[in-house]
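> predicted coordinates and the sequence they were generated for:
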Amino acid sequence: MAQSGFLPVFPLSLVAFPGEKLNLHIFEPRYKEMLRDVIQGEGTFGLPPFLDDRVGDWGTEMHVVSVEKTYEDGKMDIRTEGVGVFRILELLKDVPDKAYSGAVVDRIALDTTVQVKESSALFGYWRQLQDLLNIEKPRYERPSDLRAFEIAHFVGLNMKQEYELLSYPKESARQQYLIAHLKEVLPILQETERARLKARLNGQFQQLDAPDF
């Protein structure tokens, strides 16, 4: 069940996912004020992507893990972590007595249940991509351990695709989305890698087996 509430919002031209750790340098006066309020109140803030010249309806609720540095002019280096997904019901550009904006949001309950068929297929495609592009992390031993949000930044999605993925409340739907994407891009990447290896061999002495005819 969704839970409604107010969040101060910090629109950025990126998509963050629940569980993701994000380091931010806070320098604009309105956001310095916002983060001071959030930290003092031990609250959270919303990070909706700024996409196609507008604030997106979907976003990620962020918790401030730590303040790494506070500068004399009030700028801050902070560590944050995504703790949930929300949908904006009403964007409030003017919050009383505040320089920053806010929003009335529905906090979305995420379904993390995995299906054997989807998780096994995604696990296989993810392993292929890791081997092809030498991606070290995240690495999973079992398909049931893999979650879509954890690998979404590594599979070549553009920002619009990442935003679309954020809007899916069910893990099975998120995994199906990534499976469809990887089925499309893996053959292209494999062909590109073959072409790269072929180009590297040009000009070298090669030992080739002649066909028997």
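Cool, the structure landed.
> ranges for the helices of the protein?
Here the chain has its helices, by DSSP state H, at 29-40, 116-133, 148-151, 159-166, 171-201.
> give the buried residues for the first one.
Going by neighbour count (16 or more other C-beta atoms under 10 Å), the buried part of helix 29-40 is 31-35, 38. Bear in mind the C-beta positions are built from the backbone N, C-alpha and C, glycine included.
> any chance of the residues you listed in a markdown table, plus distance to D73?
Output for these, formatted as a markdown table (distance: C-beta to C-beta, whole Å):
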| residue | distance to D73 |
| --- | --- |
| Y31 | 13 |
| K32 | 9 |
| E33 | 13 |
| M34 | 16 |
| L35 | 14 |
| V38 | 19 |
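> with respect to V155, which of the residues you listed is nearest?
Among those, Y31 lies closest to V155 (C-beta to C-beta), at 30.2 Å.
> list the contacts of that closest one.
When contacts are counted by C-beta atoms under 8 Å, 6 or more residues apart in numbering, Y31 touches 10, 100.
> equivalent analysis for V104, please.
4-6, 88-90, 92.
> likewise R87?
Contacts of R87 (C-beta under 8 Å, 6+ apart): 2, 57-59, 105-106, 108, 167.
> what does R147 give?
Going by C-beta under 8 Å, 6+ apart, the list of residues near R147 reads 19, 112, 114, 171.
> so it versus S172, what's the distance?
Counting by C-beta to C-beta, to the nearest Å, the separation of R147 from S172 is 11 Å.
> shared neighbours of the two, anything?
Contacts common to R147 and S172, judged by C-beta under 8 Å, 6+ apart, are V114.
> in the protein, which strand is the longest?
Using DSSP state E, we find that the single longest strand of the chain is strand 76-92.
> same question for that one: list its buried residues.
So, applying 16+ other C-beta under 10 Å, buried residues of strand 76-92: 76, 78, 80-82, 84-88, 91-92.
> the least confident helix or strand in the chain by mean pLDDT versus helix 159-166: what angle between them?
Least confident helix or strand of the chain, by mean pLDDT, DSSP states H and E, is helix 171-201 with a mean of 87. Helix 171-201 and helix 159-166 are oriented at 150 degrees to each other (axes from the mean of the first three to the mean of the last three C-alpha atoms, to 10 degrees).
> on contacts alone, who are the packing partners of helix 171-201?
On a contact count with 3 or more C-beta pairs under 8 Å, 6 or more residues apart in numbering; DSSP states H and E, helix 171-201 meets helix 116-133, helix 148-151, helix 159-166.
> format those as JSON lines; extra columns: distance to Y71 and mean neighbour count.
Shown next, in JSON lines, are the helices and strands packed on helix 171-201 (distance: least, C-beta to C-beta, whole Å; neighbours: other C-beta atoms under 10 Å):
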{"stretch": "helix 116-133", "distance to Y71": "38", "mean neighbour count": "16"}
{"stretch": "helix 148-151", "distance to Y71": "32", "mean neighbour count": "22"}
{"stretch": "helix 159-166", "distance to Y71": "30", "mean neighbour count": "18"}
